[in-house]
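*Asks:* how would this look folded up:
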Amino acid sequence: MSTVTASIRIAAPPAEVWKTVMDPSRLQDWVTIHRALRHADDGPPRVGFEMDQRIHLRGVSLEVHWRLTECQTEKRAVWEGRGPARSRARTEYTLQAQDDGHTRFDYANEFSPPLGVIGALASRALVGGMPEREANRTLERLRTLLERA
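*Replies:* Below you'll find the predicted structure:
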């Protein structure tokens, strides 16, 4: 299993950050590896909410089915994903209001490749430090998007 974490401070209140990051139709605006939203449940985010996403990493497109397993409005969300060949992912968003009206946004992603140890070694060789770079690029895009608004 590999874990990637990143944090950023955004000049926007938690309500605005939450509204953006929890809207599947906005993924294309800030997630660098996002390519397509295949399906998303209707209505507001809630435990059990599901979506299907196509992502692209190192020349490979992958379909991921996501389910929201924890949801504390404007504070915390946990998505659990299933990809090809029994790969799994867990993505967590944590939002903290700052005294000056800003939001600290913490992102964590755990990825479990298929095929156990062999899959983990192959994943490390294929991807290297790319997930961390992409996480930081994604959060910079989110900040730019929200601070421009």
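*Asks:* from here on, contacts and neighbour counts on C-alpha atoms
*Replies:* Noted.
*Asks:* Give me the contacts around the longest helix belonging to the chain.
*Replies:* If you go by DSSP state H, the chain has its longest helix at helix 130-148. For helix 130-148, the surrounding residues in contact (C-alpha atoms under 8 Å, 6 or more residues apart in numbering) are 4-12, 16-17, 29-33, 107.
*Asks:* and the residue nearest the centre of the chain, bridged to which residues?
*Replies:* In the chain, the centroid-proximal residue (C-alpha atoms, centre = their mean) is residue 91; its distance is 5.5 Å. With DSSP bridges as the criterion, residue 91 is bridged to residue 79, residue 109.
*Asks:* which ones are touching it?
*Replies:* 78-80, 107-110.
*Asks:* Could you pull up the mean pLDDT of stretch 6-24?
*Replies:* Averaging pLDDT along stretch 6-24 gives 98.
*Asks:* The closest residue to residue 40 other than its chain neighbours sits in which helix or strand?
*Replies:* If the residues on either side of it in the chain are set aside, residue 40 comes closest to residue 51, at 4.1 Å by C-alpha to C-alpha, 6 or more residues apart in numbering. Element membership for residue 51, per DSSP states H and E: strand 50-57.
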